[in-house]
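Asker: got a predicted structure plus its sequence, pasted below:
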Amino acid sequence: MKQIALITGATSGIGEACARRFLAAGYRVIATGRNSARLEALKAEFADNVLTLAFDVRDREATRAALAALPADWAEVDVLVNNAGLALGLEPEYEGDFADWDAMIDTNIKGLLTVTRLVVPSMVARNRGHVINVGSVAGDAAYANGNVYCATKAAVKALTDGLRIDVAHTAVRVTLLKPGLVETNFSNIRFHGDDARADRVYEGITPLTGDDIADATLYAAQAPAHVQIAEMLILATHQANGSTIVRNT
Ligand code: 8X3
């Protein structure tokens with residue numbers, strides 16, 4: 001029987017790259033996201049190997065209803081990739097936008113917690129499973145104007161560490177991925193559609209791609225059962241941390 005990976009935020013960026021990598025590796029994938037059209041396109045491409053669920057992880061009841069309605073042959077999730085998340089804004093903390101803050105906190109922290117809370121009990125009961133949380137180098141230390149985004153990713157680190165402790169009596173594994181500069185739609189979203197500003201984030205440096213992070217995700221998932229990849233910090237070459245980036249300009 002093929003293993004099942006549930007990937008949140010699977011309609012773009014790292015999430016979509018993970019969905020494609022896991023499918024190529026022989027998993028069946030539950031792809032979740034807000035963009036129904038992109039979910040349908042994935043379904044059309046991969047047919048029976050994909051189950052799509054359209055919901056926003058910020059909507060706890062919609063998330064609960066969608067996961068509760070999983071057909072029996074899709075209900076036993078082997079790998080949960082908690083990827084749904086976003087950055088909004090890059091301003092001093094004293095000038096930040098309340099709506100941006102709420103969206104980041106509700107998605108990156110509370111959404112991740114909701115999905116974890118709903119999926120992990122079955123893993124514990126089966127003594128089997130793997131939770132892979134997408135954190136960020138931004139969670140290691142704040143960078144200029146990153147404030148709330150960095151705080152949400154620091155929270156993801158704490159929640160991942162906490163979960164790893166809480167399931168240590170089981171065979172469930174828990175991994176934190178901490179990507180650095182990855183060129184996806186991340187910066188376009190952060191800058192509310194200002195594509196020129198988004199492009200400047202990746203100027204003078206070869207950024208990571210969603211595929212690079214998907215490779216690491218799959219590596220962690222496919223490690224032997226006795227190997228728990230606790231954390232992976234994946235940076236672009238010429239990037240040393242969240243704030244030190246040497247550009248060739
Ligand atoms: C994405 C990496 O450095 O742009 O989480 O915050 S960074």
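Answerer: That came through, no problem.
Asker: how far does stretch 65-82 sit from its chain's centre?
Answerer: 17 Å (CA atoms, centre = their mean, to the nearest Å).
Asker: now it: average pLDDT?
Answerer: Mean per-residue pLDDT for stretch 65-82: 98.
Asker: how far away is Thr8 from Pro121?
Answerer: Separation of Thr8 from Pro121 (CB to CB, to the nearest Å): 17 Å. For the C-beta atoms, the positions are set from N, CA and C on the backbone; glycine is no exception.
Asker: more crowded one of these two?
Answerer: Thr8 (29 against 10; other CB atoms under 10 Å).
Asker: can you pull out the strands in this protein?
Answerer: With DSSP state E as the criterion, the chain has strands at 4-7, 28-33, 50-54, 79-82, 130-134, 173-179, 231-234.
Asker: to the ligand, which of these lies closest?
Answerer: Among those, the nearest to the ligand by CB to the nearest ligand atom is strand 173-179 (5.9 Å).
Asker: buried residues in stretch 207-225?
Answerer: Residues Pro207, Leu208, Thr209, Gly210, Asp212, Ile213, Ala214, Ala216, Thr217, Leu218, Ala220, Ala221 are the ones in stretch 207-225 that count as buried (16 or more other CB atoms under 10 Å).
Asker: next: stretch 240-249.
Answerer: In stretch 240-249, counting by 16+ other CB under 10 Å, buried: Gly242, Ile245.
Asker: and that stretch, how far apart are its ends?
Answerer: End-to-end span of stretch 240-249 (CA to CA, to the nearest Å): 17 Å.
Asker: now that stretch: mean pLDDT?
Answerer: 96.
Asker: I'd like the buried residues of stretch 207-225 as CSV, with distance to the ligand and pLDDT appended.
Answerer: Formatted as CSV, those follow (distance: CB to the nearest ligand atom, whole Å; pLDDT from 0 to 100):
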residue, distance to the ligand, pLDDT
Pro207, 9, 98
Leu208, 9, 98
Thr209, 13, 98
Gly210, 12, 98
Asp212, 13, 98
Ile213, 10, 98
Ala214, 15, 98
Ala216, 14, 98
Thr217, 15, 98
Leu218, 20, 98
Ala220, 18, 98
Ala221, 21, 98
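Asker: how about the residue of the chain found nearest the ligand, phi and psi?
Answerer: Residue nearest to the ligand within the chain (CB to the nearest ligand atom): Ser136, separated by 3.1 Å. Dihedral pair for Ser136: phi -170, psi 160, per degrees, to the nearest 10.
Asker: can you name the residues that contact the closest residue to it other than its chain neighbours?
Answerer: Excluding its sequence neighbours, the residue lying closest to Ser136 (CB to CB, 6 or more residues apart in numbering) is Lys153, at 4.1 Å. Lys153 makes contact with Asn108, Gly135, Ser136, Ala138, Gly139, Lys178, according to CB atoms under 8 Å, 6 or more residues apart in numbering.
Asker: got a pLDDT number for Lys153?
Answerer: 98.
Asker: gap between it and Arg34?
Answerer: Counting by CB to CB - Lys153 and Arg34 are separated by 20 Å.
Asker: Ala214 versus the residue nearest to the spatial centre of the chain, what's the distance?
Answerer: Nearest to the geometric centre of the chain sits Asn83, at 1.5 Å (CA atoms, centre = their mean). Asn83 sits 10 Å away from Ala214, taking CB to CB as the criterion.
Asker: shared neighbours, these two?
Answerer: Ile14, Cys18.
Asker: can you give me the neighbour number for Lys2?
Answerer: With other CB under 10 Å as criterion, Lys2 counts 12.
Asker: list the contacts of it.
Answerer: Counted by CB under 8 Å, 6+ apart, Lys2 has contacts Gly26, Tyr27, Arg28, Asn49.
Asker: tell me the residues on the protein that lie near the ligand, please.
Answerer: Ser136, Val137, Ala138, Pro179, Gly180, Leu181, Gly242 (CB under 6 Å from any ligand atom).
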